[in-house]
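> Any chance you could fold what I've pasted below:
(2 chains)
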Amino acid sequence: MGLWKLLEIRIQPEVIFHIGPLPVTNTLLCTWISILILVVFFFFATRRRALVPSGIQNVAEYLIEYLLGLVEGVSGKEKGRRFFPLVATLFIFIITCNLLDVIPGVDTVGTLNITAAQAAHITSKPVLGFLLFGDLSNLMVPWIRPATTDLNLNFAMALTVVVTCQVFGFTTLGPREHVSKYINLRTFFRSLRKLDFAGMFQGIIEFFVGIIDIISELSRILSLAFRLFGNIFAGSAVLAVFAFILPFISDVVFIPFELFIAFVQALVFSLLSLVYLEMATTSEHSAEEEYEQKEEQREGVAVSPP
Amino acid sequence: MQTIILADLLGGFGVNAVAFLSQLVSFGIVFFILWRWAFPAILKTLNRRQAVIQEGIENAERARRELDEATERAEQIMREARRHAQETFEQAAKGAEAEANRIIEEAHAHADQVAQQQIARIQQEAARARAELNRLVVNLSITAASKVISKSVDSKDNRRLVEEFVSTNQTKEQ
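Have a look, this model is predicted:
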């Protein structure tokens, strides 16, 4: 019997307790803790609102200013202000959830899975009543597990992004323009009236491109959710495995790495969301016209005598 | 069939409707809190600070402009004062020169006048002395003649003769 056994890595979050009919999983608990942390953080950050910021107010303002600059840099001032709340929420919430992964106690404090212990015919008891060693060491159900290692949360955020894209697309471009991005038969019918077969062929291609765009929109939910889940879950698993192989020392290497991953993944998720929002609110026709105008201008400049 | 496979796949990852909805609601709550309360509060502070900084920059710019204007005004006043002082000095110099000339002319005139007066007085004194001398000569001549001829001569005749003599001599001298 070894001192430790490698933790059993489970993809599914475990139910810790129930509130009425609602099963509370360890990831849902982590989500609520993250919300609590954010509420406390912003409460203290916005409590005094001094003109010369210091301490936690400085951190919050730097973060918000950085995110606002990022969003306005991509989408411009007008649209940036509309996208900012969602993009900033995604970044701040995801990074908070991700950073909880490296807090001591997360994934390592929990309840002994007695059912599994009985099934494995393990008779040993926890040392001092709470420390798990030997055969018991991998039979723990953690109370808190990083929220972003739960696909439910990632799907919820990704779905929110995609639905918001559609809402902004409808309100910015108008229903007709927005729907025509996905169901585009305009070129086909226009060519049909003129009996232009090449145009009809192009119209059919545009129609199928629209169908592919619908699939692309749906696949964004999967890509956003699984990318975040995969990276954070893998990081969590790496920390657990290396903590088993090389306790204490491995943390020196992997915890800074995990902090970096936590930041990068939060940034990737929020930036991709921003790009999707920007794409949803940009008219294809206006983009084409703008491109053609630029081309014409460039050709005009090239042809005109010096 | 594919839907069942996808559902099984997602189920294997622990995705289920209740957990999904609870996470969705949780995310909605955090989004609502940040959107309605945290972000506006911080953005308001940032905007207020930006306005204060903008105002400070504008005030500094205005103060600099006013300082430039004041410096320009001060230089203009200095130039004006220097020009005025120069004019005053030149006027004073001209005035002093004119006054000096006037005093000198007056002195010359006064000196001429005094000289004329002195000459007139000398001439007057000379005429008076000459008349006195004539009278003394007449008296002396009469006295001398009386003694020489020892004869009393009518005084009126003598006097007339001497005076004619003296006046004849004076005419000759002149």
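
> what helices or strands is the lengthiest helix in chain A leaning on?
Secondary structure of chain A per DSSP state H: the longest helix is helix A:197-245. Packing partners of helix A:197-245 (3 or more CB pairs under 8 Å, 6 or more residues apart in numbering or on different chains; DSSP states H and E): helix A:55-99, helix A:151-173, helix A:186-194, helix A:249-280. The C-beta positions use only the backbone N, C-alpha and C, and glycine is treated the same way.

> let's see it at 6 Å
Other helices and strands packing on helix A:197-245, by 3 or more CB pairs under 6 Å, 6 or more residues apart in numbering or on different chains; DSSP states H and E, are helix A:151-173, helix A:186-194, helix A:249-280.

> most packed of these?
Compared across the helices and strands packed on helix A:197-245, helix A:151-173 shows the largest average neighbour count, a mean of 21 (mean count of other CB atoms under 10 Å in any protein chain shown).

> tilt between it and helix A:197-245?
Helix A:151-173 runs at 150 degrees relative to helix A:197-245, counting by axes from the mean of the first three to the mean of the last three CA atoms, to 10 degrees.

> what's the residue closest to the geometric middle of the chain?
Using chain A. A:Phe269 (4.1 Å; CA atoms, centre = their mean).

> pull the CA atoms of stretch B:66-79 into PDB?
Extracted in PDB, the C-alpha atoms of stretch B:66-79 (Å, rounded to 0.1, in the frame of the first residue of the first chain):
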ATOM      1  CA  GLU B  66      -3.300  83.900 -20.500                       C
ATOM      2  CA  LEU B  67       0.300  84.000 -19.300                       C
ATOM      3  CA  ASP B  68       1.500  84.500 -22.800                       C
ATOM      4  CA  GLU B  69      -1.000  87.200 -23.400                       C
ATOM      5  CA  ALA B  70       0.000  88.900 -20.100                       C
ATOM      6  CA  THR B  71       3.700  88.700 -21.000                       C
ATOM      7  CA  GLU B  72       3.000  90.200 -24.400                       C
ATOM      8  CA  ARG B  73       0.900  92.900 -22.800                       C
ATOM      9  CA  ALA B  74       3.700  93.600 -20.200                       C
ATOM     10  CA  GLU B  75       6.300  93.800 -22.900                       C
ATOM     11  CA  GLN B  76       4.100  96.100 -24.900                       C
ATOM     12  CA  ILE B  77       3.600  98.400 -21.900                       C
ATOM     13  CA  MET B  78       7.300  98.300 -21.200                       C
ATOM     14  CA  ARG B  79       8.000  99.300 -24.900                       C
END
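
> next one: it to chain centre, how far?
19 Å (CA atoms, centre = their mean, to the nearest Å).

> Which positions within that stretch qualify as buried?
Within stretch B:66-79, no residue counts as buried by 16 or more other CB atoms under 10 Å in any protein chain shown.

> got it, and stretch A:138-155?
Buried-residue list, stretch A:138-155, by 16+ other CB under 10 Å: A:138-155.

> Residues of chain B that sit close to chain A?
Residues of chain B found near chain A (CB under 6 Å from any CB of the partner chain) are B:13-15, B:19-20, B:22-24, B:26-27, B:30-31, B:34-35, B:38-39, B:41-42, B:45, B:49.

> buried subset of those residues?
Taking 16+ other CB under 10 Å as the criterion, what is buried in those is B:13-15, B:19-20, B:22-24, B:26-27, B:30-31, B:34, B:38-39, B:41-42, B:45, B:49.

> Which ones among those map onto helices?
Using DSSP H, these in helices are B:19-20, B:22-24, B:26-27, B:30-31, B:39, B:41-42, B:45, B:49.

> Turn the residues you listed into TSV, columns for pLDDT.
Converted to TSV, these look like this (pLDDT from 0 to 100):
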residue	pLDDT
B:Ala19	91
B:Phe20	92
B:Ser22	93
B:Gln23	93
B:Leu24	95
B:Ser26	94
B:Phe27	94
B:Val30	94
B:Phe31	95
B:Phe39	93
B:Ala41	92
B:Ile42	92
B:Thr45	90
B:Arg49	90
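
> OK, contacts around the residue of chain A found nearest chain B?
Here the residue of chain A nearest chain B is A:Gln12; by CB to the nearest CB that distance is 3.2 Å. Counting by CB atoms under 6 Å, 6 or more residues apart in numbering or on different chains, A:Gln12 touches B:Gly14.

> hang on, it is in a helix, isn't it?
No: note on A:Gln12: no helix contains this position according to DSSP: H, G, I helix; E, B strand; the rest coil, which reports coil.

> where does it sit relative to A:Ser34, distance-wise?
Separation of A:Gln12 from A:Ser34 (CB to CB, to the nearest Å): 20 Å.

> Tell me where the chain is predicted with low confidence.
I'll assume chain A. In the predicted model, chain A carries pLDDT under 70 at residues A:1-4, A:125-130, A:132, A:134, A:136, A:285-296, A:298-306.

> wait, I meant chain B there
Counting by pLDDT under 70, chain B has low-confidence residues at B:1-4, B:150-155, B:158, B:169-174.

> Done for today, thanks.
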